[in-house]
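Undergrad: pasting the sequence and the predicted model now:
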Amino acid sequence: VYHQPLKVGVKALNDYIEDRMLDHIKKKLPEMRRSLEAELRLCEKHLKTLGRQPLFPNAIAARDSRCIQDFLAETYASFQPQYRRFTELMTDELFQIDVKPLGIVDDEEANKLLTQHWNPSYLSHIKRNHQEHHILALEVKKIGEDSRNMINVPYVGKRTELETWLKTFIEPLEKVVKKFIEDVFGAL
């Protein structure tokens with residue numbers, strides 16, 4: 001009987017283990033491959049039964065995003081008439097807030113601007129409260145422009161006047177906006 005010489009040491013042990021593992025892999029790999037192919041055929045059969053191919057995560061997200069967009073578009077379209085009615089009510093209520101001009105823009109300046117932009121025959125039909133709204137709009141514009149440029153000289157010493165003016169407008173505005181929000185969300 002022929003015997004191989006006895007090998008000792010770490011290198012010999014590593015070589016022996018590598019040989020045994022390679023033999024094991026060669027022996028078991030075909031069996032594992034057959035098992036995986038059988039499972040793949042079974043999964044493909046189940047997918048065909050479902051009638052679709054597997055979806056990737058980004059395809060699922062895109063599909064669901066489209067569904068959400070379509071739902072929101074349908075909901076908004078069905079709610080549009082009510083939303084418009086609520087918006088018109090809010091606009092009417094805002095114009096009913098009685099706020100007097102501060103006097104930053106005088107009547108002559110306002111009339112001059114009106115005649116530049118409107119037909120004079122139309123101006124004869126403007127009511128006094130419309131004129132005041134026009135003056136208020138010009139004042140708000142002027143305050144915004146002055147504040148943007150950090151020019152506060154025209155408002156020095158008028159803080160209480162501005163606060164009073166804001167209070168008379170903000171409190172009713174807050175009520176109107178809150179009512180609008182309640183109407184809109186109550187209707188949904």
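TA: Right, received. Where do you want to start? Numbering: from 1, shown residues only.
Undergrad: neighbours of Phe86, just the number please.
TA: Neighbours of Phe86 under the rule other Cβ atoms under 10 Å: 19. In short, each C-beta sits where N, CA and C put it, glycine included.
Undergrad: do Thr164 as well
TA: Neighbour tally, Thr164, other Cβ under 10 Å: 12.
Undergrad: what's the separation between it and Glu108?
TA: Thr164 is 25 Å from Glu108, where distance means Cβ to Cβ, to the nearest Å.
Undergrad: if I pick Ile135, what's in contact with it?
TA: Neighbouring residues of Ile135 by Cβ atoms under 8 Å, 6 or more residues apart in numbering: Pro101, Val105, Asp107, Ala110.
Undergrad: also Asp107?
TA: Gln131, Ile135.
Undergrad: state the pLDDT value of it.
TA: Looking at Asp107, its pLDDT stands at 77.
Undergrad: what about it, distance to Val140?
TA: For Asp107, the distance to Val140 - Cβ to Cβ - is 17 Å.
Undergrad: so, low pLDDT: which residues of the chain?
TA: Residues of the chain that meet the criterion pLDDT under 70 lie in 1-3, 51-54, 117-130, 144-159, 161-162, 188.
Undergrad: quick one on the thing from earlier: just the buried residues of the contacts of Ile135.
TA: Pro101, Val105, Ala110 (16 or more other Cβ atoms under 10 Å).
Undergrad: now secondary structure too, for these, in CSV please.
TA: Output for the buried ones among the contacts of Ile135, formatted as CSV (DSSP: H, G, I helix; E, B strand; the rest coil):
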residue, secondary structure
Pro101, coil
Val105, coil
Ala110, helix
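Undergrad: which of the residues you listed sits closest to Tyr83?
TA: Of all the buried ones among the contacts of Ile135, Tyr83 sits closest to Pro101, with 32.1 Å by Cβ to Cβ.
Undergrad: contacts only, for that closest one.
TA: Neighbouring residues of Pro101 by Cβ under 8 Å, 6+ apart: Glu132, Ile135, Leu136, Glu139.
Undergrad: helices along the chain, start to end?
TA: Assigned helices in the chain, in chain order: 10-50, 57-95, 107-117, 120-123, 128-148, 159-187 (criterion: DSSP state H).
Undergrad: which among those is found nearest to Gln4?
TA: helix 10-50 (11.2 Å).
Undergrad: chain center to the closest one: distance?
TA: With Cα atoms, centre = their mean, to the nearest Å as the basis, helix 10-50 stands 51 Å off its chain's centre.
Undergrad: just stretch 4-21 next, same as before
TA: Put simply, stretch 4-21 sits 67 Å off its chain's centre (Cα atoms, centre = their mean).
Undergrad: flag every buried residue along it.
TA: So for stretch 4-21, nothing qualifies as buried (16+ other Cβ under 10 Å).
Undergrad: hmm, who's touching that stretch?
TA: Outside stretch 4-21, not a single residue reaches it (Cβ under 8 Å, 6+ apart).
Undergrad: ok, and the most crowded of the contacts of Pro101?
TA: Within the contacts of Pro101, most neighbours by other Cβ under 10 Å means Ile135, with 23 neighbours.
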